[in-house]
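>>> Take a look and give me a structure for this.
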Amino acid sequence: MTKWRLVHMLIHAGVPSPNRLQSLTAAEARQLLAAGEISSVELVRACLDRIDERENVVQAWSYVDAEGALEKAREADRIGHGDEQNGPLHGIPVGVKDIVDTADMPTLLGEPEIYAGRQPSADATLITRLRAAGAIILGKTAPSKHTIMLPGKTRNPHDPTRTPGASSSGSAAAVADFMVPLAVCSQTAGSILRPATYCGVVGFKPTKDTVVYDGTRTYSPHLDTLGAMARSVIDTALLIQGMTGDDRYGRVRPADEPLALGLYRTPYFDQAEDYVQAHFEASVRTLRDAGVDVREVDVPAKFDHLSELQDVVMSYDLDKVFAEHRRDHFDLLDPALIAYCEKGSRVSEEQYREALAHAERCRAMLPEVLDGLDALLLPSTLSDAPPISTTGTSEFIRIWTFLHTPAINLPTGKSPAGLPISVQLVGGLGADVRFLCTAARVDEILGREGA
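Numbers count the residues shown, from 1 in each chain. So this is what the prediction gives:
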């Protein structure tokens, strides 16, 4: 998807027009910084101006370090941007989900009443690496309530009466509204791809543990995954490069070889809204017309219940994680959280272990499922963004969180209400760099649709 098509789509969906600097992708900003056509101070100021203009509506941030970001931008400009020794994110602003520790900013872990004033003494590893890559941490993006599947303060930039998703809603909304080009996010069920879908941005969940998960609030050790929110596939690769120090991500480009995609509608396809189904089938036709081999794939029946089993594991783990909160801060907890934890308390140790074992068995089948394929293709969500009273569902997404595979959301169209809808790609375990090259090519092809 080109930058200008994305801007056009957002403007006509209700998002006010950004200025030139705000609408740059990170890759474009990097090129202009290196060429001396813009400065980091100008880029950061443009982001801060956008936040000043729109934050009262979108409410995407829990903390913005305006003075600190501008000082870091001045320092980046003094160093200069043309030196190849500079990191891949030199002078580029990044938002960070407020569950990741930052030594120079508060980290409230999605619980501002419980963790008011919490100031970490050290950065999480990914923050250390981002700083080494030259990134300017603009501030902390707001998670949803309790950082789970409950509505928080953030609103969908396209329509404030619609949900931005959960729990990385602030990261998705900030990127979608042109407040920041990149944002760190996390997923335990569907908290990267679902907000990315509803807000109309690219959301990438890498293979589990690609990004070191320390200095970050834990919900489920078997599921928690850190990832990237951006406005292009190449940008997600740049952010992962910064978070990992793995320079292979800096070489991600649209694949130039023939592609083969496996068509996987999952057992939930018939539950999707008619316009989601129609858009998905239209995307398949567009890909085939472009020469992509899109074929039906035979996925074992054992995969059919992975979504429900993921919920078994997550509810069991959240029951344990929130036990101390229920003891010490019961009155501050949402009744829906308490009910979900009670659901987890009814999961036996045997059921929990069997769910994990089932996922492991399915994980072992993935190479056969993906044999001869570059990725699986399926919808991202059942509908466009629902009303703000809910955060939507993750049937198409949570499967891959459970299986630890890389998955990416590609915004490819609009619903009848003018809201973003998307497709999802899923790749093989550990093959993230190649997978992103595939995703960039698919995005390039589908980005022409309706341009």
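>>> Tell me which stretches of the stretch 101-250 of the chain form strands.
Ranges of strands within the stretch 101-250 of the chain are 136-141, 182-187, 202-205, 225-230, based on DSSP state E, counting those that start in this stretch.
>>> Please identify the most buried of those strands.
strand 202-205 (a mean of 31; mean count of other CB atoms under 10 Å). To be clear about C-beta, it is placed using only N, CA and C from the backbone, and glycine gets the same treatment.
>>> Mean pLDDT added to the strands of the stretch 101-250 of the chain, as CSV?
Listed next are those as CSV, based on pLDDT from 0 to 100:
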stretch, mean pLDDT
strand 136-141, 98
strand 182-187, 98
strand 202-205, 98
strand 225-230, 98
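>>> burial of P258, as a residue count?
9 (other CB atoms under 10 Å).
>>> hmm, back to that, R50 is nearest to which of the strands of the stretch 101-250 of the chain?
strand 136-141 (10.7 Å; CB to CB).
>>> chain center to the closest one, what's the gap?
When C-alpha coordinates are averaged (CA atoms, centre = their mean, to the nearest Å), strand 136-141 and its chain have centres 16 Å apart.
>>> Can you check what angle separates that strand from strand 182-187?
Angle between the axes of strand 136-141 and strand 182-187 is 40 degrees (criterion: axes from the mean of the first three to the mean of the last three CA atoms, to 10 degrees).
>>> From the contact counts, what lies against strand 136-141?
Strand 136-141 is packed against helix 40-58, strand 61-64, helix 66-79, strand 93-97, helix 125-132, helix 169-176, strand 182-187, with contacts defined by 3 or more CB pairs under 8 Å, 6 or more residues apart in numbering; DSSP states H and E.
>>> average pLDDT across the shortest one?
For strand 61-64, mean pLDDT is 98.
>>> Now name the helix or strand holding S283.
Counting by DSSP states H and E, the secondary-structure element that holds S283 is helix 274-289.
>>> What is the subsequent helix or strand relative to that helix?
Assigned by DSSP H and E, the successor of helix 274-289 is strand 293-296.
>>> quick check: mean pLDDT across the helix or strand following that following strand?
Sequence order places helix 306-321 as the next helix or strand after strand 293-296, per DSSP H and E. Averaged across helix 306-321, the pLDDT comes to 97.
>>> May I see the buried residues of helix 306-321?
By neighbour count on 16 or more other CB atoms under 10 Å, the buried set for helix 306-321 is 306-307, 309-319, 321.
>>> just stretch 69-89 next, same as before
So for stretch 69-89, counting by 16+ other CB under 10 Å, buried means 69-70, 72-73, 76-77, 81, 86-89.
>>> Please identify which pair of those lies farthest apart.
Largest pairwise distance in the buried residues of stretch 69-89, by CB to CB, is 21.4 Å, between L70 and P88.
>>> Let's have the strands of the stretch 101-250 of the chain in CSV, adding distance to D374.
Output for the strands of the stretch 101-250 of the chain, formatted as CSV (distance: least, CB to CB, whole Å):
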stretch, distance to D374
strand 136-141, 31
strand 182-187, 22
strand 202-205, 16
strand 225-230, 20
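>>> where does this structure have low pLDDT?
1-14, 448-451 (pLDDT under 70).
>>> in the stretch 301-450 of the chain, which spans are strands?
375-379, 407-414, 420-426.
>>> which residues does the closest residue in space to P16 that isn't next to it in sequence contact?
Sequence neighbours aside, R54 is the residue nearest to P16 in space, at 7.2 Å (criterion: CB to CB, 6 or more residues apart in numbering). By CB atoms under 8 Å, 6 or more residues apart in numbering, the contact set of R54 is 16, 157, 177, 179.
>>> Was I right to think M243 contacts L126?
Yes. Between M243 and L126 there is a contact at 4.5 Å, judged by CB atoms under 8 Å.
>>> So for those two, which residue has more residues nearby?
M243 (29 against 25).
>>> separation between A431 and L24?
Using CB to CB, to the nearest Å, we find A431 at a distance of 29 Å from L24.
>>> next one: A339
With CB to CB as the criterion, A339 and L24 are 44 Å apart.
>>> how far does the longest helix along the chain sit from the chain's center?
Longest helix in the chain, counting residues (DSSP state H): helix 349-369. Offset of helix 349-369 from its chain centre (CA atoms, centre = their mean): 25 Å.
>>> Which residues are in contact with L370?
By CB under 8 Å, 6+ apart, the neighbours of L370 are 262, 376, 427-428.
>>> Actually, I79.
The contact partners of I79, taken as CB under 8 Å, 6+ apart, are 86, 90.
>>> Tell me how far it lies from G36.
For I79, the distance to G36 - CB to CB - is 13 Å.
>>> How about E75?
17 Å.
>>> now swap in P367 and tell me
P367 is 47 Å from G36, by CB to CB.
>>> Please apply the same query to A228.
27 Å.
>>> can you check E55 too?
For E55, the distance to G36 - CB to CB - is 31 Å.
>>> give me every residue that touches A439.
Neighbours of A439 in contact, by CB under 8 Å, 6+ apart: 204, 233, 375, 408, 410, 425.
>>> just curious, which of the residues you listed is nearest to P106?
The nearest one, if we look at the contacts of A439 relative to P106 and count by CB to CB, is F204, at 26.6 Å.
>>> show me the contacts for that closest one.
So F204 contacts 192, 227-230, 233, 236-237, 240, 406-409, 436, 439 (CB under 8 Å, 6+ apart).
>>> Would you mind listing the buried residues in the longest helix of the chain?
Applying 16+ other CB under 10 Å to helix 349-369 flags 352, 355-356, 358-359, 362, 366, 369 as buried.
>>> Also stretch 383-391?
For stretch 383-391, by 16+ other CB under 10 Å, it's 383-386, 388, 391.
>>> and those residues, which two are the farthest apart?
Farthest pair in the buried residues of stretch 383-391, by CB to CB: S383 and I388, 14.2 Å.
>>> you'd agree S168 is up against P143?
Yes. With contact defined as CB under 8 Å, S168 and P143 form a contacting pair (6.9 Å).
>>> which residues do those two both contact?
In contact with both S168 and P143: K97, using CB under 8 Å, 6+ apart.
>>> before we move on, the earlier item: so which of A431 and L24 has more stuff around it?
L24 (24 against 16).
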